[in-house]
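**Student:** Model the structure of this input:
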Amino acid sequence: MQKYKYKHGLSIMRAQPFHIGHAKIIDTMLQSCEKVTIILGSIQEHGTSRNPLNYTTRKKMIQNIYRSSPDYERLKIIGLFDINNPAEWGEYVLDFISETLPDLPIPDVYYAGSAYDSHWFKDCFNTIELVDRTDPDFPFVTGTMVRDMIKFGDNRWKNFIHQQNHQIIEDNFYRKKAII
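**Tutor:** Here you go, the predicted model:
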């Protein structure tokens with residue numbers, strides 16, 4: 001009997017910053033997929049209001065949550081530059097994965113937090129799993145919402161960011177006076 005429903009799951013997120021909604025997607029993937037790849041997009045951009053954190057900081061936020069998990073060895077986190085060609089985005093991503101991670105099978109499922117986030121891959125995957133952001137048993141959260149809380153000094157951002165990453169937020173948004 002097969003332990004996992006899928007061989008290799010993929011999700012792309014900006015994680016600006018990495019919050020509990022992103023973790024819900026990764027947790028779901030780790031339950032269902034033998035291998036999990038998270039691509040952090042927009043790595044060419046940081047220090048802006050939409051993309052305040054650099055790739056290394058975002059990757060560290062994810063590692064802070066999963067590094068001590070026995071599932072961590074099944075999780076790959078890589079960064080990818082964006083292209084301004086929505087029609088080719090899905091194929092661009094899959095080509096990048098096959099070149100960057102040649103020892104892994106091509107992903108057989110794509111995970112997204114919304115139908116909009118998944119629409120880029122409707123022609124690339126037979127299976128797309130939506131991790132419902134409107135689940136009444138889970139707080140609604142978006143990166144924009146968290147960045148706005150931080151920007152306006154609303155400490156409720158701490159409810160949406162794992163405690164292991166609070167210091168990263170403090171260092172990058174308050175001490176450096178990041179552009180948000």
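
**Student:** Assumed E129 was part of a helix.
**Tutor:** No - with DSSP: H, G, I helix; E, B strand; the rest coil as the criterion, E129 is assigned strand and is not in a helix.

**Student:** Nearest residue to it in space, please, no chain neighbours.
**Tutor:** Once flanking residues are discounted, E129 sits nearest to Y111: 4.9 Å by C-beta to C-beta, 6 or more residues apart in numbering. No exception for glycine: its C-beta is placed from N, CA and C like everyone else's.

**Student:** Over to H162?
**Tutor:** Closest to H162 by C-beta to C-beta, 6+ apart is I65, at 5.3 Å.

**Student:** list the buried ones in the helix or strand where the one you found lies?
**Tutor:** Element membership of I65, judged by DSSP states H and E, is helix 55-66. The neighbour-count criterion (16 or more other C-beta atoms under 10 Å) identifies Y55, T57, R58, K59, K60, M61, I62, N64, I65, Y66 as the buried residues of helix 55-66.

**Student:** Format these as JSON lines; extra columns: distance to A87 and pLDDT.
**Tutor:** Output for the buried residues of helix 55-66, formatted as JSON lines (distance: C-beta to C-beta, whole Å; pLDDT from 0 to 100):
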{"residue": "Y55", "distance to A87": "25", "pLDDT": "98"}
{"residue": "T57", "distance to A87": "31", "pLDDT": "98"}
{"residue": "R58", "distance to A87": "27", "pLDDT": "98"}
{"residue": "K59", "distance to A87": "28", "pLDDT": "98"}
{"residue": "K60", "distance to A87": "33", "pLDDT": "98"}
{"residue": "M61", "distance to A87": "31", "pLDDT": "98"}
{"residue": "I62", "distance to A87": "29", "pLDDT": "98"}
{"residue": "N64", "distance to A87": "36", "pLDDT": "98"}
{"residue": "I65", "distance to A87": "34", "pLDDT": "98"}
{"residue": "Y66", "distance to A87": "33", "pLDDT": "98"}
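
**Student:** Just name the closest of those residues to Y4, please.
**Tutor:** Y66 (16.8 Å; C-beta to C-beta).

**Student:** Skipping its backbone neighbours, what lies nearest that closest one in space?
**Tutor:** Per C-beta to C-beta, 6+ apart, closest to Y66 is Y72, 5.0 Å.

**Student:** hmm, back to that, now tell me what touches the helix holding I65 from outside.
**Tutor:** Residues outside helix 55-66 that contact it (C-beta atoms under 8 Å, 6 or more residues apart in numbering) are 14-18, 22-23, 26, 38, 40, 43, 46, 53, 72, 75, 77, 79, 162, 164-165, 168, 172.

**Student:** how about low-confidence regions in this protein?
**Tutor:** By pLDDT under 70, the low-scoring segments of the chain are 1, 175-180.

**Student:** ranges for the helices of it?
**Tutor:** Applying DSSP state H to the chain gives helices spanning 20-32, 55-66, 89-100, 115-118, 143-151, 166-169.
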